[in-house]
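**Student:** No letters, just coordinates:
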């Protein structure tokens, strides 16, 4: 893969990784019982960011996740979809699993658009305070990643 394609590819999946802070995994997994209003939403997704969602917000996020997963799977060929699902069932990281799919440029573009749309929809579900909390958490994660990257150089 050429260096410019690697940069484009990495930026696509950096966005996907950032969205994983907002969305639960795309793979179909058993979901724990929904927390009551005021409790954190499970150990994944918003719960990792310390964002508390109402039951209505949780239902909306679940719908967005399901629609996003369906749209992304619709972009994949049957072979890619099978490979993706097997990787998720085996516990492989989403980023590595996506990288192994050998997506075409058109597929990358479509998935990027789907993820951007999903991010916008999810953001619209949040209150201004929750959006601010997410942004603060994302800044912390960026700083931590930057510190780790500087330490490994």
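**Tutor:** On my side now, so go ahead. Because the structure is predicted, anything quoted here is derived from the model rather than measured. Numbers count the residues shown, from 1 in each chain.
**Student:** quick one: average pLDDT of the longest helix seen in the chain?
**Tutor:** Counting by DSSP state H, the longest helix found in the chain is helix 128-151. Here helix 128-151 scores 91 as its mean pLDDT.
**Student:** now do stretch 93-106
**Tutor:** If you average the pLDDT values across stretch 93-106, you get 89.
**Student:** Now the terminal residues of it, how far apart.
**Tutor:** 23 Å (Cα to Cα, to the nearest Å).
**Student:** same question, stretch 100-108
**Tutor:** End-to-end distance (Cα to Cα), stretch 100-108: 13 Å.
**Student:** buried sites along that stretch?
**Tutor:** 101, 103, 107-108 (16 or more other Cβ atoms under 10 Å). C-betas here are computed from N, CA, C, even on glycine.
**Student:** cool, stretch 52-69 as well?
**Tutor:** Buried, per 16+ other Cβ under 10 Å, within stretch 52-69: 52-53, 57-58, 60-62, 64-65, 68-69.
**Student:** Of those, just say which sits nearest to residue 139.
**Tutor:** residue 52 (19.4 Å; Cβ to Cβ).
**Student:** ok, residue 119 - how many residues close by?
**Tutor:** 18 (other Cβ atoms under 10 Å).
**Student:** ok, now how distant is it from residue 131?
**Tutor:** According to Cβ to Cβ, to the nearest Å, residue 119 and residue 131 sit 11 Å apart.
**Student:** contacting residues around stretch 143-153?
**Tutor:** With contact meaning Cβ atoms under 8 Å, 6 or more residues apart in numbering, stretch 143-153 is reached by no other residue.
**Student:** any idea of the pLDDT on residue 30?
**Tutor:** Value for residue 30, per-residue pLDDT: 30.
**Student:** Between its first and last residues, how far does stretch 91-108 reach?
**Tutor:** Termini of stretch 91-108 sit 22 Å apart (Cα to Cα).
**Student:** want to try a markdown table for the buried residues of stretch 52-69, with pLDDT and secondary structure as columns?
**Tutor:** Formatted as a markdown table, the buried residues of stretch 52-69 follow (pLDDT from 0 to 100; DSSP: H, G, I helix; E, B strand; the rest coil):
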| residue | pLDDT | secondary structure |
| --- | --- | --- |
| 52 | 87 | strand |
| 53 | 91 | coil |
| 57 | 94 | helix |
| 58 | 94 | helix |
| 60 | 96 | helix |
| 61 | 95 | helix |
| 62 | 96 | helix |
| 64 | 96 | helix |
| 65 | 94 | helix |
| 68 | 94 | helix |
| 69 | 89 | helix |
